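[1] next one to model:
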Amino acid sequence: MKGTFPTDKFQRLKTPFYYYDATLLRNTLDVIKAEAAKYNKFCVHYAIKANANPKILSIIRESGLGADCVSGGEIKAAIKAGFPASKIVYAGVGKTDWEINLGLDYDIFCFNVESLPELEVINELAAAKGKIARIAFRINPDVGAHTHANITTGLAENKFGISMKDMDKVIDQALAMNNVKFVGLHFHIGSQILDMGDFIALCNRVNDLQEKLFARQIIVEHINVGGGLGIDYAHPNRQPVPNFAEYFATYHKHLRLRPQQTLHFELGRSVVGQCGSLITRVIYVKQGTNKQFAIVDGGMTDLIRPALYQAYHKIENITSDESPETYDVVGPICESSDVFGKAIDLNKVRRGDLIALRSAGAYGEIMASGYNCRELPEGYISDELV
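    Predicted coordinates:
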C-alpha cells in the first residue's frame, strides 16, 4: 500500500524536497506524552540532531518536550524555536569553548560531560562567568546494541563517554570543584534499536552503577538513558507510530529508580522518522544490459543514509497506477554509491513521475550536503500545502 500524498500540490514544487506529515508528527508526540505520563518523573527531550527543520522544531516545542543538543548550533536552534533553556541538555564528545560558554550564558539545564579534560574546562569557564554549571557524566556502559556498527555508541571501543572504571574518579573531581554541580548520570547505547533486550541490558548496568554510588551515599537527581528507539522502515504505513508503550514500560519495569530521581530520555528518530519523505522526480528511465534504471533528481546529497549505512527506505512511485516493473533507483551524483535501491518493484515509471522515499524524517534533511555544488532540498510540512 502506498502512502497518501497531496501529489497535485507537489507538482508545483521544485524537486527534490522533503515533505512532512504534520498530523502524524502531532499524533506521535501525543502518544509519547501519554505513555511517558503513566510513570512518575519521566522527562522526554527531543534529539535535535535527527531533524532541525524550524517548522518541525516548532511543533515539537509546542508539545512540551525538552531539547537534546550536540552542538552550539543546535542550542541556538532550540532557543530560536522557543525551547526553554531549563529543558535543554547538551552532549557531545568535543564541546568547544564558545559552545560551552553559550550553554553557560543561557543557563541550560545540564551539560552531559564525556571526559575529565572537558569537566576541567567547564569548571574553568563557569568560574570566569561566576556561574555554577550543572553536569551529568556520560558513562560508557559497554553495552552492545543490535544495530548498524556506525550508530552504536555504548561499547568500550567507541569514542563516547567515560569508562565505568573511571566513574568514581571523575565524580570525586567534580565534587571537589567550585563551579560545577554534579546532578546526574547519562547513557546512550546507539540508534535504531528494536530489541527491548538491549534497553534491559542498559537498565541492568545502570542499576549496578547506582548501587555502587549508593554504597558511597551518593544518589544523583537525574538519570538520562538517551534514546535509540527505532522505527519500522519496511512498513511505514503498518506502524507509523513506534511502540512507545513498550519502550517506556521496559524502563519502568527494569530500572530501579530512587523516589527522588527523574528519568530523562532523548528521543529523535522515533519522534520524526516516519512523518518525513524525500520526494524526487524521475529524470530518465534508462534501459541497461540486464536491468532498467529509474534516474531521479534526488541523490545521496539529499538522503545519504542508503550510501552511508546501506539503509533501507521504502520507495514508491506516487504518480503511477500502472503495473509494477523492476528498477534500480539511482541519483545524479558522480558516485557509484549514489543508489537508493536495487531491484525495486515500482508501478511503471515514466519521465516526470514523482518518487517518494519513505521514513526519511530523521537523518535526512539534516544530513544533506552541497556536494557537486547542489542546492540543499527544501522542507515543507503538510500544514502549509493545504
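
[2] dump the residue contacts of Asp97.
    For Asp97, the contacting residues are Val121, Leu125, by CB atoms under 8 Å, 6 or more residues apart in numbering. C-beta coordinates here come from the backbone N, C-alpha and C atoms, glycine included.

[3] need phi/psi at it.
    Per-residue torsions, Asp97: phi -60, psi -40 (degrees, to the nearest 10).

[4] which residues of the stretch 201-350 of the chain fall in helices?
    For the stretch 201-350 of the chain, applying DSSP state H, counting those that start in this stretch gives helices covering 244-254, 269-272, 305-309.

[5] buried set for the first one?
    Of the residues in helix 244-254, those scored as buried under the neighbour-count criterion (16 or more other CB atoms under 10 Å) are Phe244, Tyr247, Phe248, Thr250, Tyr251, His252, His254.

[6] hmm, back to that, do you know which of the helices of the stretch 201-350 of the chain lies nearest Tyr19?
    Nearest to Tyr19, of all those, is helix 269-272, at 12.6 Å by CB to CB.

[7] same for that closest one, what does it pack against?
    Applying 3 or more CB pairs under 8 Å, 6 or more residues apart in numbering; DSSP states H and E, we find helix 269-272 packed against helix 22-36, strand 42-47, helix 54-62.

[8] what about the last one, distance to the chain center?
    Once both centres are worked out by CA atoms, centre = their mean, to the nearest Å, helix 54-62 turns out to sit 15 Å from its chain's centre.

[9] on the C-terminal side of that helix, identify the next helix or strand.
    Next helix or strand after helix 54-62 toward the C-terminus (DSSP states H and E): strand 66-69.

[10] what about Pro377, neighbour count?
    21 (other CB atoms under 10 Å).

[11] from Ser71, how far out is Ser277?
    Going from Ser277 to Ser71 by CB to CB, to the nearest Å gives 26 Å.

[12] neighbour count: the two, which is higher?
    Ser277 (27 against 19).

[13] so the residue lying closest to that one once chain neighbours are set aside, which state does it fall into?
    Nearest residue to Ser277, sequence neighbours excluded (CB to CB, 6 or more residues apart in numbering): Ala356, at 4.6 Å. With DSSP: H, G, I helix; E, B strand; the rest coil as the basis, Ala356 sits in strand.

[14] tabulate the helices of the stretch 201-350 of the chain in TSV, adding columns for distance to Phe111.
    Formatted as TSV, these follow (distance: least, CB to CB, whole Å):
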stretch	distance to Phe111
helix 244-254	23
helix 269-272	23
helix 305-309	29
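
[15] so which of those helices is nearest Thr7?
    With CB to CB as the yardstick, what comes closest out of these is helix 269-272 (22.2 Å).

[16] off-centre distance for that closest one?
    Counting by CA atoms, centre = their mean, helix 269-272 comes out at 7 Å from the chain centroid.

[17] for stretch 286-297, same thing?
    33 Å.

[18] can you give me the buried ones in it?
    Phe293, Ala294, Ile295, Val296, Asp297.

[19] ok, stretch 351-367 next?
    353-367.

[20] again with stretch 85-103
    So, applying 16+ other CB under 10 Å, buried residues of stretch 85-103: 85, 87-92, 95, 99-103.

[21] now Met23: closest residue in space, sequence neighbours ignored.
    Heads up, residue 23 is Thr, not Met. Thr23 sits nearest to Ser382 (CB to CB, 6+ apart), 6.5 Å away.

[22] quick check: phi and psi at the one you found.
    phi -60, psi -30.

[23] where in the stretch 101-250 of the chain is pLDDT low?
    144-160 (pLDDT under 70).

[24] helices of the stretch 1-150 of the chain, residue ranges please.
    7-10, 22-36, 54-62, 72-80, 97-106, 116-128.

[25] who are the packing partners of the third one?
    Contacts of helix 54-62 with other secondary structure elements, assessed using 3+ CB pairs under 8 Å, 6+ apart, are made with helix 22-36, helix 72-80, helix 269-272, strand 378-381.

[26] nearest to Gly64, of the ones you listed?
    helix 22-36 (6.8 Å).

[27] reformat the buried residues of stretch 286-297 as JSON lines; add pLDDT and distance to Pro332.
    Formatted as JSON lines, the buried residues of stretch 286-297 follow (pLDDT from 0 to 100; distance: CB to CB, whole Å):
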{"residue": "Phe293", "pLDDT": "98", "distance to Pro332": "11"}
{"residue": "Ala294", "pLDDT": "98", "distance to Pro332": "12"}
{"residue": "Ile295", "pLDDT": "98", "distance to Pro332": "7"}
{"residue": "Val296", "pLDDT": "98", "distance to Pro332": "8"}
{"residue": "Asp297", "pLDDT": "98", "distance to Pro332": "6"}
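
[28] any idea which of those residues is closest to Val143?
    Closest to Val143, out of all of the buried residues of stretch 286-297 and judged by CB to CB, is Val296, at 39.3 Å.
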